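Colleague: This is a predicted model, with the sequence first.
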Amino acid sequence: MEDLAKTTDVFSVLESRGVSRRSFMKLCAGVAAAAGLSQMAIPRVAEAIEKSVIGATSGDLYPVIWIEGASCTGCTESFAQIETPDVATVVLDVISLNYSETLSAAAGWSVEEAKAQTIEAGNYILIYEGAVLKAWGGNALRVAGEVGTEALIEAAESANAVVAVGSCAVNGGWCAAHPNPSNAMGVEQFLAEEGIKTPVVNIPGCPVNPEWIMSVLVDVVMLQDPGLLKLNDFAMPAGLFNQTVHDNCERRGHFENGEFVYEFGSEEEAKGYCLYPLGCRGPQTHSPCGVTLWNNRRSWCVQAGSPCIGCCEANPNNPGDNWVQVNAPFYKRFRDLRVGDLHFQPEPVAWVLTGIVAAALVVHGFGMKKTGRMDGGADFEPIRKWDEAHPEQSIGVYADPKTGGPVLDPAICEENTQHAAAAADEVVNDYEKE
Amino acid sequence: MTRSIIDPITRIEGHLRVEMEVEQGVVTDAWVSGGCFRGMELVVQNRTPQDAAQIVQRICGVCPVSHAHASSIAAEKAYGITISNNARLVRNLIEGAQFLHSHILWFYNLCALDYVNPLDALNANVPDTYDLAQAAGTSMDTDFYGLKEKLEAFAANGQLSIFSGNWFDCDNGEGYKLSPELNLICTAHYLEALKMQARASEVAALLGGKMPHVMTLIPGGTAFVPTESKLDDLWAMVNEIYDWVSTTMIQDTLALAPAYTDVLTFGKGCGRYIAWGVFEGPGWPYGGNYTEQMIHRYLPMGVLDEELNVSDVQEPLITEYMGHSWYKGDGTYESPYFVTEPEFTEYNVEDRYSWVKCPAYDGKPMEAGGFARILAAYQRNVPFVVEQVDAMLVALGARPGQLSVLQNTLGRTASRQIETLYIAGLMKEWTQELMEAIAGGDSEYFKEPLTTTGEGTGFWEAPRGALYHSEKVTNNNVDGYQIIIPSTWNLAPMNADGVHGPMEQALIGCPVQDVEMPINALRTVHSFDPCTACAVHITEPATGKTFKTVTSPWGVK
Amino acid sequence: MAHLAHYREAHPMIFVVTHWINLISMVWLIFSGFIIHYPFIPGIMGICRGSHVLFGCILFLNMIFRVIAAFFVKTSPTGGTRKQDTDYKSWLPQKDNRHQALEWIKYYLFLKKDHPLGAKLGVPQKLSYLLIPILILIMWWTGMCIWAPVMDMGPFAATVNFVGGAMSMRIIHYYLMFVFIIFMFIHIYLANVESFAPTKLMFIHKEHGGLVYDPELHNIVGEDMNPSKDK
């Protein structure tokens, strides 16, 4: 039945003879054009379309394919909120967004064909949103009758660069949080596993901030100079992600002053005090939220009264370090630690352990008191147990090699109590003479 | 007999496939498949309800606020608290901003391209366009000359961008029926809408920090405390949005409807509706009576049968069946806390073909969405809705109260504009109410839990329809979590008796001229505003041991 | 009652100073660390943060100095004697302690009645004192890893990455503080439980009489009841 998913039954026959889906799509397009189905009102467009569904394969606009993996579409949504320039300008004047599951006018096979033709023409950027799912052989995500991972490989192979937008695309995001049921991971790690060498740019965030995507597009598309794009160790734009939220926070002054909000919706909140006690993740989250702000620079999490929950934290090489896992519970100072199904806050464990040690010492103290050791300790053993058992290798010299006992020698005793002090006195005397 | 397939369905949220059997130009059978599994309920397991509210909104980037809201309501019921009146207003405003954002984006930027051909707008005569806009009473904020020039430059470049692979020439060029002038107006509004949906999101960001995924809507109330400057900004923006919505959306719908009267003839669906209600009402808090609370929401709760008789929701009547979905077993489970375990087999429309489960109310499939809300509000006599629906019916040539005229693809699409206008007006009301409450000295925004062990259900609405979050909390730890999302209702596969889901039923009977570009099927799918990322999710199995556990204290490596 | 005499030669003045520095730094680091973790007293965050970094570095440098000094300064290798040897030797295994580890543990668990004969540091003490410089080093390193001005430097950033992010690093830093607290509890308890004489010697250089022990015979050789008058 799955083969019926392709436009007609013919395809399953062709496929069995080794004809790829893409070439079949091309064939279809050719047939459609020959049948005169594609008569556009505007000759220029119609002429282009007879050759391809994406129009001209090159022009003033930089071709972009935007694939949604296991996404919530939040990053596309976020991109649609961009105001400088607005999204219409971006898709009509800057890039040729040839494939987008949310914005494309086309649907079904024709949009898939637009993607195939863009890939064939080359010189495009792939923007990937959402996690890569590997569960059930990639079937946790199915698009156009194929598994999601295949679509990614196909589009990434010939791209100039892959831009992984949003924390899910960077390292699996919340999808990878315990217990990671769909086996989610990030694009960079997945492509490395598949041996695909296309460079990856990671832009984390849940969702991604459209200004950050735009800053990458400006470097690569408008200035035509990917060299402008300095990346850090996580392949994230260094200019954006090398400082923490805390570094640039508008409430940082209150932090240093020690003026805090201890309860949501309180009077301190109205004064704009620091949200640190409510679990703010600003100090360890690398992101420029407080600088770029969100939604046409209208506001951002901290300005609106919510502590940062660290949604930009994403180590591309480790889905386990997704932002949910390293930050939840969000409103506590620390994350939870997990051992198997057990999860706990770090503080109580430390306090309990310390308490146990303190209690043990108190109990021990009573033992010391009971055994009469508090007043100078117990009497010394007359002989080391080992010396007693091995008189021929004895460490100490005893009054009696068998039963032990101190060697009471006033001369050595004198030497022991005077020796160093006397020497020190001499040193002082010498110094004074000089 | 031919198969027609649309995969992927674009201009929706998530991954969706529609497969149809077409006989003599009409769909005779249909299967809708949700393509992505992520396992949300498993992830929120063993976390705090506060974290759950933050994480669940990541299920969907279009309606995150609704998920945070429903989750917070569930947590508040479990905590035994009722939020303050100020928190109610702030939360209504954030939710309203998201509804406006979602509805504007959906109608103009996702749905309209099924009816409007922006490339044909190049043929428009601009003076005629101004005349037409004036006659239709729709807004003329855009410079139509400038827009036409911009489109000409775009066409001259030749790259099609988002119009790549478009279906504008479908049905032998007969599929798109608007005049070039109307196409130009609608294209102008497409571009204005892109700005206006962003403005609506900006309202959500003002109150919630950012959008998508707002930060201040938390169990117990809101972390946002309004200041005077924020209220000024809020007032200015809600007015701007209202002014735009009130001069475009219904006018444009009525202007394009005459060209597409055939779309009024198909896409009815199952004809039964559910709405759990949204926007907490002015008589807050209704003495803790949940049913009263839901009935008095601005858009009230209602379960509507085939005759559109309205009744109150009864939680135990909600069930889920998964015999046609990629989960183990084929049992039917009762609300709340269904026990399911994902297991992909293969795509087979005779057997299992979707990640979406099949929910039922009283054993029957139900349609959820803006249309369901409007019908419930009409039957519950919400004055604004009754007045506007009757006016629309008259404009469509029917008589007031003849609701069956709207039970189809175009009716479903059109009725949402009434809802948009209603909410845009309410936003102004709530802002004023909030200003008055603050002036009156009311300053409570957040409440601490009274207990940290309990159970609660959040009956709420996303822009796409009835949303249900239910959670069981022990010592502030989530033990069980269940979500039923509007698109799960609408995109449901066949139930145990072989009855198709609402969207499948709506597709059956759609005229399809061209199986390669079944535009009417696409219009029907878009009329539901599907959201598949939300629709697919599962619950923790009772044992909790199904998935690999990890031993590293730092989590999954 | 029986204990060895406490002579200044066991803790020369320079080590009394380093010990004071350790005490003050650790106490302030722990207090300011708690404030930084959760500001239960508002208003002093800036003071705590600045001084936390300052004292962290003082503790670290003091540790470095103390370790280097161990190779140059002479101290008594055991209690009850004024004889001195290079200090680091009393950190390493000494003949006096050979085969005595189990005896020390048995003594503390009340399984042995007599006090074991030994050197300045008993076996468990010696092991824990060897770990303290390493602990201070790790503590300083983890602290640097979460201090904004240097956290992005290669080695620190790599360590943060290795442990799974800044949050994990914070928790490690926090747990290590509790290792210090637990060490201090045990250290203070054991130093004082039998008498306060060792503490007086350590902090105010006050001597105290007792048995005299010869480091060459590895045994007690007499008694000295008036040590301070000897000087």
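Modeller: Nice, thanks for sending it over. Numbering: from 1, shown residues only, chains lettered A, B, ... in the order given.
Colleague: going forward, measure contacts and count neighbours with C-alpha atoms only.
Modeller: Noted.
Colleague: give the contact list for the spatially most central residue of chain B.
Modeller: Central residue of chain B (C-alpha atoms, centre = their mean): B:Arg464, 1.6 Å from the mean position. Contacts for B:Arg464 were tallied using C-alpha atoms under 8 Å, 6 or more residues apart in numbering or on different chains; they are B:368-370, B:486-487, B:528-531.
Colleague: TSV for these, including neighbour count?
Modeller: Listed next are these as TSV, based on neighbours: other C-alpha atoms under 10 Å in any protein chain shown:
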residue	neighbour count
B:Ala368	29
B:Gly369	27
B:Gly370	30
B:Pro486	31
B:Ser487	29
B:Phe528	27
B:Asp529	28
B:Pro530	27
B:Cys531	27
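Colleague: among these, which are in reach of chain A?
Modeller: Among the contacts of B:Arg464, not one lies near chain A by C-alpha under 8 Å from any C-alpha of the partner chain.
Colleague: Between those residues, which sits nearest chain A?
Modeller: Nearest to chain A, judged by C-alpha to the nearest C-alpha, of the contacts of B:Arg464 is B:Cys531 at 9.0 Å.
Colleague: excluding its backbone neighbours, what's nearest the closest one?
Modeller: Closest residue in space to B:Cys531, ignoring its immediate chain neighbours: B:Glu13 at 4.6 Å, by C-alpha to C-alpha, 6 or more residues apart in numbering or on different chains.
Colleague: Quick check: the one you found vs A:Ile65, distance?
Modeller: The gap separating B:Glu13 from A:Ile65 is 17 Å, by C-alpha to C-alpha, to the nearest Å.
Colleague: quick one, strands of chain B?
Modeller: Secondary structure of chain B (DSSP state E): strands at B:2-6, B:16-23, B:26-34, B:217-218, B:221-222, B:273-275, B:302-304, B:310-311, B:318-321, B:332-334, B:358-361, B:454-462, B:465-474, B:477-484.
Colleague: Ok, chain C next?
Modeller: Using DSSP E, strands in chain C cover C:74-75, C:85-86, C:210-214, C:219-224.
Colleague: okay, those, which one's buried deepest?
Modeller: strand C:210-214 (a mean of 26; mean count of other C-alpha atoms under 10 Å in any protein chain shown).
Colleague: Give me the angle between that strand and strand C:219-224.
Modeller: 140 degrees (axes from the mean of the first three to the mean of the last three C-alpha atoms, to 10 degrees).
Colleague: just checking, what packs against the longest helix along chain B?
Modeller: As assigned by DSSP state H, the longest helix anywhere in chain B is helix B:409-439. Judged by 3 or more C-alpha pairs under 8 Å, 6 or more residues apart in numbering or on different chains; DSSP states H and E, helix B:409-439 is in contact with helix B:85-104, helix B:228-256, helix B:370-379, helix B:383-395, helix B:519-527.
Colleague: Let me have those helices in CSV, extended by distance to chain C and mean pLDDT.
Modeller: Listed next are these as CSV, based on distance: least, C-alpha to the nearest C-alpha, whole Å; pLDDT from 0 to 100:
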stretch, distance to chain C, mean pLDDT
helix B:85-104, 28, 97
helix B:228-256, 27, 95
helix B:370-379, 43, 97
helix B:383-395, 51, 96
helix B:519-527, 43, 91
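Colleague: before we move on, back to that, I'd like to know which of the strands of chain B is closest to B:Leu256.
Modeller: For these, the distance to B:Leu256 is smallest for strand B:26-34, at 23.8 Å, taking C-alpha to C-alpha.
Colleague: Figure out how far the closest one is from the centre of its chain.
Modeller: Chain-centre distance of strand B:26-34: 21 Å, with C-alpha atoms, centre = their mean, to the nearest Å.
Colleague: Please put the alpha-carbon coordinates of that strand into PDB.
Modeller: Output in PDB follows, covering the C-alpha atoms of strand B:26-34 (Å, rounded to 0.1, in the frame of the first residue of the first chain):
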ATOM      1  CA  VAL B  26     -15.600  12.500  -6.500                       C
ATOM      2  CA  VAL B  27     -13.800  11.300  -3.400                       C
ATOM      3  CA  THR B  28     -15.300   8.000  -2.300                       C
ATOM      4  CA  ASP B  29     -12.900   7.100   0.500                       C
ATOM      5  CA  ALA B  30     -10.200   8.900   2.400                       C
ATOM      6  CA  TRP B  31      -7.500   8.300   4.900                       C
ATOM      7  CA  VAL B  32      -5.700  11.000   6.800                       C
ATOM      8  CA  SER B  33      -2.300  10.200   8.300                       C
ATOM      9  CA  GLY B  34      -0.400  12.200  10.900                       C
END
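Colleague: Could I get the average pLDDT for that strand?
Modeller: Computed over strand B:26-34, the mean pLDDT rounds to 83.
Colleague: and the angle for that strand with helix B:519-527?
Modeller: Going by the same axes, to 10 degrees, strand B:26-34 makes 40 degrees with helix B:519-527.
Colleague: Which secondary structure elements does strand B:26-34 sit against?
Modeller: So strand B:26-34, by 3+ C-alpha pairs under 8 Å, 6+ apart, packs with strand B:16-23, helix B:502-507.
Colleague: so how many other residues sit close to A:Pro348?
Modeller: A:Pro348: 10 surrounding residues under other C-alpha atoms under 10 Å in any protein chain shown.
Colleague: Pull the contacting residues for the one residue in the stretch 201-350 of chain B that gets nearest to chain C.
Modeller: Closest residue of the stretch 201-350 of chain B to chain C, C-alpha to the nearest C-alpha: B:Ala223 (19.8 Å). By C-alpha under 8 Å, 6+ apart, the contact list for B:Ala223 reads A:264-265, A:304-306, B:216-217, B:445-446.
Colleague: same check, this time on C:Asn161
Modeller: Under the criterion of C-alpha under 8 Å, 6+ apart, the neighbours of C:Asn161 are A:Asn315.
Colleague: Mind doing that once more with 10 Å?
Modeller: A:315, A:317-318, A:321, C:145, C:155, C:168-169 (C-alpha atoms under 10 Å, 6 or more residues apart in numbering or on different chains).
Colleague: Which pLDDT does the model give the residue of the stretch 51-200 of chain A found nearest chain C?
Modeller: Residue nearest to chain C within the stretch 51-200 of chain A: A:Asn171 (12.8 Å; C-alpha to the nearest C-alpha). Note on A:Asn171: pLDDT of 93.
Colleague: what's the neighbour count on it?
Modeller: Neighbours around A:Asn171, by other C-alpha under 10 Å: 34.
Colleague: now it: how far from A:Cys311?
Modeller: For A:Asn171 relative to A:Cys311 (C-alpha to C-alpha), the value is 12 Å.
Colleague: What of B:Tyr327?
Modeller: 31 Å.
Colleague: Quick check on those two: which one has the bigger neighbour count.
Modeller: A:Cys311 (25 against 21).
Colleague: Contacts (any at all) between chain B and the longest helix anywhere in chain C?
Modeller: Longest helix in chain C, counting residues (DSSP H): helix C:166-192. Yes: applying C-alpha under 10 Å from any C-alpha of the partner chain, one finds helix C:166-192 in contact with chain B at C:Ser168.
Colleague: Show me what that helix packs onto, helices and strands only.
Modeller: helix A:323-327, helix A:346-370, helix C:13-37, helix C:123-145, helix C:154-163, helix C:197-204 (3 or more C-alpha pairs under 10 Å, 6 or more residues apart in numbering or on different chains; DSSP states H and E).
Colleague: rerun that using 8 Å as the cut-off
Modeller: helix A:323-327, helix A:346-370, helix C:123-145, helix C:154-163, helix C:197-204.
Colleague: Where does the stretch 151-300 of chain A get nearest to chain B, residue-wise?
Modeller: A:Trp300 (4.1 Å).
Colleague: That residue reaches A:Pro288, doesn't it?
Modeller: No: if you go by C-alpha atoms under 8 Å, A:Trp300 and A:Pro288 don't touch, sitting 10.6 Å apart.
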